[in-house]
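sequence first, then the predicted structure:
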Amino acid sequence: MILRHKLLAVALLSVVSLSAWAQQDVTVRIPELENNTEYLDLLRSDVRMRQQSDSLMSVIRDIRSDLARNAEERDSLAQLRTDSLSVVLADTESAIYNIRGQMMKLVDRINAIEQEHLLASMGNIRGVAEQASGSIFTNAYFRKSIDPDDYKALAAANVAESKAAEYARTYVANYDKIKQMYDKYVLARTEAEAEEIYAQMATLMDENNQLERNLEQTWMEIYDQKSYVYAYFFEKEERDDILDLTESMMMEAREEKLASIDNLASEPLADYRLQKHVILNYETYVAKLLNNTSAIDSLSNASRAVRQIDYRIPALDIERRSFVDYSAIEFTQRSPYNSQNPIPECIVYEYGTIYRILLGTFKYKQQVSIFRNASPLCIETLEDGRFSYYAGGFRSRTEAEKAVEVMKKKGFRNPQIVEWCDGIKTNLSEAGEVSYRLMISGGALTSEVREVIETMAVDCQLSRLAEDSFSVGMFASRAMADRVAQAITKSDSALTVEVEELRPEAEEEEE
């Protein structure tokens with residue numbers, strides 16, 4: 001409860017204690033409005049609310065990190081902390097939702113003041129008749145003013161806008177679903193429940209990765225083509241004032257993205273949201289010059305819809321949960337196992353890696369006494385009906401190798417190390433000297449890929465073979481090598497990752 005109150009205080013403080021910033025300096029895009037009191041107050045309020053929103057998002061990230069850490073603990077205290085954090089998370093998200101609603105109204109009013117001033121002072125191209133309906137693309141004067149090939153490319157870019165808009169909408173919708181699922185994921189009590197949710201999240205995350213690539217490519221082509229043609233049109237009409245204004249808008253869009261970089265789940269989404277607003281302003285000014293009032297109203301509505309896209313969303317750091325229970329081997333005066341408390345079945349975890357010590361495989365179940373009061377023990381029923389008995393559960397092979405030495409000293413004749421990696425079993429002792437390594441090619445290693453290797457291949461060495469090729473090894477099991485290879489490919493799909501099996505060369509027989 002103390003933690004809950006502390007976090008609530010932080011969240012509320014970030015919302016209500018920033019009124020002292022009301023008189024801070026703001027950047028006025030249109031010099032003629034620098035004495036407009038309402039306009040300046042709105043700009044200050046917008047800055048203040050953005051800072052409040054960022055502060056709340058920082059709180060939300062901390063809460064989700066705490067929830068993820070608590071998820072790895074399974075005691076009653078961790079559950080109490082989780083319940084408290086979940087309430088705080090809901091309260092904080094409600095607060096940020098309210099702030100963003102207020103921000104939307106502020107931004108709409110700011111844009112209305114700017115547009116009213118600019119359109120009132122712009123005037124039309126001399127001799128152009130008022131166009132009551134249609135778009136700027138059907139205007140004869142505009143069409144004749146630009147190169148036919150440029151017009152054709154511009155028309156194609158305009159058609160492609162619907163694709164970009166759909167990519168952006170779907171990405172945001174998927175993000176919201178992933179966020180809701182993630183909050184349930186960290187609260188899942190069982191591996192089966194968690195894995196079901198993770199599979200759904202993974203599907204949406206893969207879809208969003210593709211949507212992000214599609215959006216980046218599609219929008220970049222649209223933005224480049226439209227900004228080029230409109231700038232050419234304004235230059236031809238000798239409207240340097242509009243060129244200066246739109247250039248200022250482009251600069252501000254870049255600066256706003258950089259200022260928000262810590263709260264961007266997707267840079268392509270931010271580029272689309274910010275640059276699309278600039279393009280709509282371009283088109284509004286074109287419509288004004290062409291005396292097309294109908295297009296101005298339509299573009300104003302489109303601009304409002306684009307501003308509703310919430311691009312300032314933090315990346316979700318989703319780590320797949322492991323439910324593996326590790327335990328060292330203990331020897332007690334009396335075995336904890338008996339007829340009322342039999343040796344349990346071995347748990348095969350769908351995700352995670354665990355090393356156990358194989359004590360022996362038998363045709364029949366054995367008396368507990370032969371295992372010299374070792375614990376914890378577990379039993380695996382094989383397909384042929386035999387029974388394998390295991391002791392302990394270790395995070396690394398190094399820990400398991402130390403346990404083997406202890407078991408030998410305790411009188412076990414042939415203890416062996418068995419690895420389970422994502423449900424795949426490998427007897428490392430029987431595998432002998434066979435090992436595996438990853439061969440990576442196709443480009444440099446990003447920081448994300450290097451982090452994957454450092455985290456998942458702790459005992460392996462990363463070596464650079466050439467400018468764009470690397471090796472990682474050695475892995476004792478194929479399952480572990482495959483797991484790391486899949487993680488690298490997912491982190492950077494441009495890389496080619498192959499698993500190579502290495503066997504010791506047979507020694508030549510002496511003559």
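Ah, there it is.

got the end-to-end distance for stretch 311-326?
With C-alpha to C-alpha, to the nearest Å as the measure, stretch 311-326 spans 41 Å from end to end.

what residues sit buried inside that stretch?
For stretch 311-326, the neighbour count (16 or more other C-beta atoms under 10 Å) marks 311, 312, 313, 314, 318, 321, 322, 323 as buried. (Each C-beta comes from the backbone N, C-alpha and C, glycine too.)

so is the third one in a helix, a strand, or just coil?
Under DSSP: H, G, I helix; E, B strand; the rest coil, the three-state class of residue 313 is coil.

and residue 499, by the same measure?
strand.

quick one: pLDDT of the nearest residue to residue 376 once chain neighbours are set aside?
Spatially, and ignoring its direct neighbours in sequence, residue 376 is nearest to residue 327 (5.3 Å; C-beta to C-beta, 6 or more residues apart in numbering). Per-residue pLDDT puts residue 327 at 95.

which one of the buried residues of stretch 311-326 is nearest residue 367?
Checking the buried residues of stretch 311-326 against residue 367 with C-beta to C-beta, the nearest one is residue 323 at 31.0 Å.

contacting residues around the closest one?
By C-beta atoms under 8 Å, 6 or more residues apart in numbering, the residues touching residue 323 are 190, 191, 194, 349, 351, 352.

turn those into CSV, including distance to residue 474, secondary structure and pLDDT.
Shown next, in CSV, are the contacts of residue 323 (distance: C-beta to C-beta, whole Å; DSSP: H, G, I helix; E, B strand; the rest coil; pLDDT from 0 to 100):
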residue, distance to residue 474, secondary structure, pLDDT
190, 35, coil, 90
191, 29, helix, 92
194, 31, helix, 93
349, 24, coil, 94
351, 23, coil, 91
352, 21, coil, 91
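
now those residues as TSV including distance to residue 115 and neighbour count?
TSV is the format used below for these (distance: C-beta to C-beta, whole Å; neighbours: other C-beta atoms under 10 Å):
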residue	distance to residue 115	neighbour count
190	55	9
191	55	18
194	50	22
349	59	18
351	53	17
352	57	18
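
picking up where we left off before, quick check: the gap between the residue nearest to residue 376 and residue 391.
9 Å (C-beta to C-beta, to the nearest Å).

could you dump the contacts of residue 323 into CSV with distance to residue 504 added?
CSV is the format used below for the contacts of residue 323 (distance: C-beta to C-beta, whole Å):
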residue, distance to residue 504
190, 43
191, 37
194, 40
349, 31
351, 32
352, 30
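
ok, and what's touching whichever strand or helix holds residue 464?
Assessed by DSSP states H and E, residue 464 sits inside strand 461-466. With contacts defined as C-beta under 8 Å, 6+ apart, strand 461-466 is touched by 450, 453, 470, 471, 472, 473, 474.

quick one, helices of this structure?
2-16, 37-71, 76-122, 140-145, 148-185, 191-236, 240-259, 267-289, 293-307, 397-409, 447-456, 478-491 (DSSP state H).

deepest in the core, which of those helices is it.
By mean neighbour count, with neighbours taken as mean count of other C-beta atoms under 10 Å, helix 267-289 ranks first of the helices of the chain at a mean of 23.

convert stretch 91-108 to CSV, retaining C-alpha atoms only.
The C-alpha trace of stretch 91-108 is given here as CSV (Å, rounded to 0.1, in the frame of the first residue of the first chain):
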residue,chain,number,x,y,z
ASP,A,91,-5.3,5.4,-12.4
THR,A,92,-2.3,6.7,-14.2
GLU,A,93,-3.5,5.6,-17.6
SER,A,94,-6.8,7.3,-16.9
ALA,A,95,-5.0,10.5,-16.0
ILE,A,96,-2.9,10.4,-19.2
TYR,A,97,-6.0,9.8,-21.3
ASN,A,98,-7.7,12.8,-19.8
ILE,A,99,-4.6,15.0,-20.5
ARG,A,100,-4.5,13.9,-24.1
GLY,A,101,-8.1,14.7,-24.6
GLN,A,102,-7.4,18.3,-23.3
MET,A,103,-4.3,18.4,-25.6
MET,A,104,-6.4,17.6,-28.6
LYS,A,105,-8.8,20.5,-28.0
LEU,A,106,-5.8,22.8,-27.4
VAL,A,107,-4.1,21.8,-30.6
ASP,A,108,-7.3,22.2,-32.6
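
domain parsing for the chain?
2-307, 330-427, 435-502 (automatic domain parsing).

off-centre distance for the second one?
Which is domain 330-427. 38 Å (C-alpha atoms, centre = their mean, to the nearest Å).
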